[in-house]
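Visitor: need coordinates for the following:
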Amino acid sequence: MKKLKSVIIFWFCFSGIISAQTDDDHIIVQNKTDIYSYELNVQKVINISEKSFAEYVCTGKVETVTIAKFFDHKSKIEKVKIKGVKGSSPRYEMYRQDGIFYSDTKVCYFELPFSRKDEVAQVSFEKTYDDICSFFIIPVAEPQFIKTKTVKLIVPDWLTVDLVELNFRDNIRKSTERNPKDNTTIYTYSIENQENITNEPNMPGYTCIYPYILVVPKKSVIDNKETTYFDSFDHLYKWYRDINSLLNDNEDIIREKADEITQGCGSDEDKIKALLSWVQNNIRYLAFEYGIEGFKPDEAHEVLRKKYGDCKGMSNLLKSLLKAEGFDARLGWVGTREAAFDLSVPLPLADHMICILQWKGERYYLDPTVRFMTLGEYPQWIQGKTVLIENGPDYIMEQIPCLSPRMNTDSLFSVFTINENVLTGKSLNVYKGESKQLVMYVIQATETKDQDDALKQFWGRSGVHDKIDDIQISGANSPADKIEISYCETRKSDIKNIDDELYVNLNICQDFVNTKIDTSRRRNDYLLPYKDHIVRESQLIIPSGYKVESLPAEFRIQKKDYSFSISCTVNNEKIIYHKEITIFNPWIKKQTFAEWNSDIDALKKAYLEQIILKRSDDKIQI
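Guide: Model prediction:
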């Protein structure tokens, strides 16, 4: 199993430009042919041969682009040819990427220095895959616009494969033909006018958007010997389990550490939370991708010794610690929100591993790579995803629950008075779930002496003439289900005195004002970080000698995926300004961008409405 951030580049850019693309790029794929064929080597081992030929054309602005081909210890590049441009020769290096501690991925790359418009560069690759169980994905899209492309897969009669086409549109046609001379079946995909892969902030994962083909090797019959690969989920689970059987955890070391961590815990729940929190906060997450280590967890005692691990190593450590304390803990394979596969086919495509706890008749899905999330809290990227859970010789497939936006509630309650034309008050912020995680990262990443300034910047509402003091924080640890931050405020920027009227703004937080989407340039759907529930309530004690002249109008937008509401009322000499924003679905589809932007504009307009207080007794000054 490999973390998605790395393998997406491998899958989708393995014969394309790996630099970032923009709307101003002027290099296209004029014509490309990729041919994949299954062959037997002299030892009767199945290899996959890939032959690729592409014509890159400079259609406008002269540019230099980088072409890359990736390989690893189970594949090799046999031949590279470059024609049509001068000064281009391939180089071979280990591939490096931020966030990956170690990877066995290598890259062959070179530049195509185009010198004039209409110049054509021809590039061909020959590559061999040595393991049928490492060849699963044929990408269709490229990092540049495709005029025409042909993908052929040649399957001999002694091999059974399934082809699963994902994210296909009407610009892709498929045909199948038999070749009785070679006893093969040829699957041909013809692609025209395929948009290029782009990289945009907050976009869904590539496998959720761009077309590709999953190749599922089911079984082969060679010299009357049948071999099964991924014919069912039973075979997939056996493949995972066989790898996990290589683990040799030192139970004595783990038991000693588990007893140390749980010393003083008063209940089983306290023990579970303490063990989860310890792994989250004491083991550094580092992705590690090398051969079988891309799928096999590191031994628990080794993760403990090194104080770092990837999702597999950290989950195995947490499982081992829990089991040492007598809990039923297991490993689970899951595809995150970034991956479209989600165990829809029996292939080892899960990009994440977690620990599953079975306790008191319930299952809890523990992700030790996510700091500051406690028992019963799940990050957005695995909610609703199917997880394959180890269960001895059998397995369990289950869907991780989708949690309510209220699990991530970010609430603010403030009480203000007016003194000498200044709003003065006390506020309490309460964060839960992923909103808690966000503010905790700010706290943990900031030195104590700088935390006040960092939090003020995080809140984004301390103007030049405003002041936040006496910040108090409670619950700033992972086992806590919420964090509370209280503080005192003096605000000059939200009140104005004009003649005998006071104009007051109680909408202290301008939530979501910067979430309009640029529809002129945006090409992909937009992902908000998580389901959200924002509550803001500000109370203002009406000053003596003033009466309410005007209140902001009630505002409400209710949609399937989100809702906005604002109300302002008077109750017992208090003005109560209440705002609530709920994001039920953080995935904003491109076809709804205009509607979203319109609703954000309406929200921003509602934010401009102020409370007007009129002096009722000219003798009273405040």
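Visitor: and the residue nearest to L527 when sequence neighbours are not counted, which of the three is it?
Guide: The shortest distance from L527 to any non-neighbouring residue, by Cβ to Cβ, 6 or more residues apart in numbering, is to N202 (5.0 Å). All C-beta spots, glycine's among them, are computed from the backbone N, C-alpha and C. Under DSSP: H, G, I helix; E, B strand; the rest coil, N202 falls in the coil class.
Visitor: isn't N202 right next to L528, touching?
Guide: Yes - the pair formed by N202 and L528 meets the contact definition of Cβ atoms under 8 Å, at 7.3 Å.
Visitor: follow-up on the earlier one: and the residue nearest to L527, what is it in contact with?
Guide: By Cβ atoms under 8 Å, 6 or more residues apart in numbering, the residues touching N202 are Y526, L527, L528.
Visitor: pick out whichever of these sits closest to D270.
Guide: Nearest to D270 among these, counting by Cβ to Cβ, is L528 at 33.8 Å.
Visitor: the nearest residue in space to that closest one that is not next to it in sequence and Q383, how far apart?
Guide: Closest residue in space to L528, ignoring its immediate chain neighbours: P586 at 3.8 Å, by Cβ to Cβ, 6+ apart. To Q383, P586 is 10 Å away according to Cβ to Cβ, to the nearest Å.
Visitor: and for E256?
Guide: Separation of E256 from Q383 (Cβ to Cβ): 35 Å.
Visitor: who's more crowded, these two?
Guide: Set side by side, E256 and Q383 show more neighbours around Q383, with 18 against 11, by other Cβ atoms under 10 Å.
Visitor: helices of the stretch 151-300 of the chain, start to end?
Guide: Secondary structure of the stretch 151-300 of the chain (DSSP state H, counting those that start in this stretch): helices located at 233-244, 251-262, 268-282, 300-306.
Visitor: I should have written the chain there, sorry.
Guide: With DSSP state H as the criterion, the chain has helices at 4-12, 233-244, 251-262, 268-282, 300-306, 311-324, 433-444, 451-459, 593-607.
Visitor: can I get the ones you listed in CSV including distance to E119 and mean pLDDT?
Guide: Listed next are the helices of the chain as CSV, based on distance: least, Cβ to Cβ, whole Å; pLDDT from 0 to 100:
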stretch, distance to E119, mean pLDDT
helix 4-12, 26, 40
helix 233-244, 47, 91
helix 251-262, 62, 96
helix 268-282, 53, 95
helix 300-306, 51, 93
helix 311-324, 45, 95
helix 433-444, 48, 88
helix 451-459, 49, 73
helix 593-607, 37, 97
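Visitor: N41: which of the ones you listed is closest?
Guide: Here helix 233-244 is closest among those (Cβ to Cβ), at 22.2 Å.
Visitor: low pLDDT regions in this protein?
Guide: Residues of the chain meeting the criterion pLDDT under 70: 1-25, 96-104, 288-294, 340-341, 448-449, 460-463, 478, 617-622.
Visitor: go ahead and confirm T148 touches T33.
Guide: No - with contact defined as Cβ under 8 Å, T148 and T33 do not form a contacting pair (9.3 Å).
Visitor: tally of neighbours for A602?
Guide: There are 13 residues near A602, going by other Cβ under 10 Å.
Visitor: and what of I35?
Guide: When neighbours are counted by other Cβ under 10 Å, I35 registers 16.
Visitor: and it, bridged to which residues?
Guide: Here I35 shows beta-bridge partners K51, K152, assigned using DSSP bridges.
Visitor: ok, it - contacts?
Guide: Applying Cβ under 8 Å, 6+ apart, the residues contacting I35 are S49, E50, K51, S52, K152, I154.
Visitor: that'll do, ta.
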